[in-house]
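Peer 1: Pasting the sequence and the predicted model now:
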Amino acid sequence: MVLGNSVYAFDEETGRVGHGLSGSRAMRALIDLNPFLAELSPGTRQELAAMMSTRSSTRGAQLRGSVSSVVHLVLSGCVYEESTYGEDTTVRIHGTGSVLGVAEIFNEDLHSPTARCLNNTLSLAIPAMRMRSIIEHNGAIATALGKVLADQLVIGERIYNRHCLPPEGRLAGLFVHLLDRCAVPSATYGRMVEGPSQSDLAAALSVSRATIENALKTLRELNLVTTGYRQYRFPDERELALFGRVRTPSETVTGSAEVQY
């Protein structure tokens, strides 16, 4: 299980997260467990990773700008991406397995979204032009990138665009998604979401900050979330998923789960 910039052992019977790997072992595990890279054969995976440079960024750092030509493969962390089309702005929060700039790989005429880190983020970076050259000669990588793009479109519909649900239901669904992609260790419940502000969550769901404040109040009253400064902890992830009407990832830290140090 990837939590923050580390890889942890997970016991499904006890719900406990064991000791994390560190150093080069953690980096290899992050590459092998990355959802995008896992679609590739071991040889192709290592070859592609070797062509990319490692970027370690802190909260607030800008990964991509409006004229960026660099593609980032997120190994761990939480990234706020903002796309502008005329007067409309779309916000997505990305995590492990996301490829920032994947659409521009296939269409270089697209306007590049801006992206900034919401917490410590580890990524592999490569110029978009070089990635285009790579997929021209490697169909497996092109197919894997296509799956990433399709996944982002599906997430947009299943997580961000569920306007028929009340705000607290939409927010619960977003939290489940962020736990799957952006979780960091928590001594209380095994893992938590850290980084997004209430304003970030409001922008992602296209609602006001006051709406998010009220939604959080409802989730707190239902004992589905406890909050701190840019931190969100979840006493029962399965109940959170049921309330948000989304599927729960198979490996879920719930209830009384603890991190073993």
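Peer 2: Right, received. Where do you want to start?

Peer 1: Okay, now the unreliable bits of the protein?
Peer 2: Residues of the chain meeting the criterion pLDDT under 70: 1-23, 66-67, 249-261.

Peer 1: ok, which stretches of it are helices?
Peer 2: 23-33, 42-51, 102-106, 128-137, 139-155, 167-182, 198-205, 209-221, 237-244 (DSSP state H).

Peer 1: Please identify the most buried of those.
Peer 2: helix 167-182 (a mean of 24; mean count of other Cβ atoms under 10 Å). C-beta here means a position set from N, CA and C on the backbone, and glycine is covered the same way.

Peer 1: angle of it against helix 139-155?
Peer 2: 160 degrees (axes from the mean of the first three to the mean of the last three Cα atoms, to 10 degrees).

Peer 1: N120 against A61, yeah?
Peer 2: No. Assessed by Cβ atoms under 8 Å, N120 is found out of contact with A61, at 9.3 Å.

Peer 1: neighbour-wise, which of these two wins?
Peer 2: Between N120 and A61, counted using other Cβ atoms under 10 Å, the more crowded position is N120 (18 against 14).

Peer 1: how close does the more buried one get to C78?
Peer 2: 9 Å (Cβ to Cβ, to the nearest Å).

Peer 1: cool, and I134?
Peer 2: 27 Å.

Peer 1: same deal with G139?
Peer 2: From G139 to C78 the distance is 31 Å (Cβ to Cβ).

Peer 1: same deal with R170?
Peer 2: In terms of Cβ to Cβ, R170 sits 18 Å off from C78.

Peer 1: So what touches stretch 61-70?
Peer 2: Stretch 61-70 has contacts (Cβ atoms under 8 Å, 6 or more residues apart in numbering) with 55, 57, 72, 79, 81, 100-101, 111-117, 121, 123, 125-129.

Peer 1: spatially speaking, which residue is in the middle of the chain?
Peer 2: G95 (1.8 Å; Cα atoms, centre = their mean).

Peer 1: Nearest spatial neighbour of that residue, chain-adjacent residues omitted?
Peer 2: R181 (2.9 Å; Cβ to Cβ, 6 or more residues apart in numbering).

Peer 1: surely that neighbour meets G77?
Peer 2: No. Counting by Cβ under 8 Å, R181 stays clear of G77, with 9.5 Å between them.

Peer 1: who's in contact with the residue nearest to T211 when sequence neighbours are not counted?
Peer 2: Once flanking residues are discounted, T211 sits nearest to P167: 5.0 Å by Cβ to Cβ, 6+ apart. Contacts here follow Cβ under 8 Å, 6+ apart; on that basis P167 touches L205, V207, T211, I212, N214, A215.

Peer 1: now swap in A144 and tell me
Peer 2: F36, L37, E39, L40.

Peer 1: Mind giving me the PyMOL select for the residues you listed, buried ones only?
Peer 2: To isolate in PyMOL the members of the contacts of A144 that are buried, counting by 16 or more other Cβ atoms under 10 Å, one can use:
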select buried, resi 36+37+39+40
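
Peer 1: That'll do, ta.
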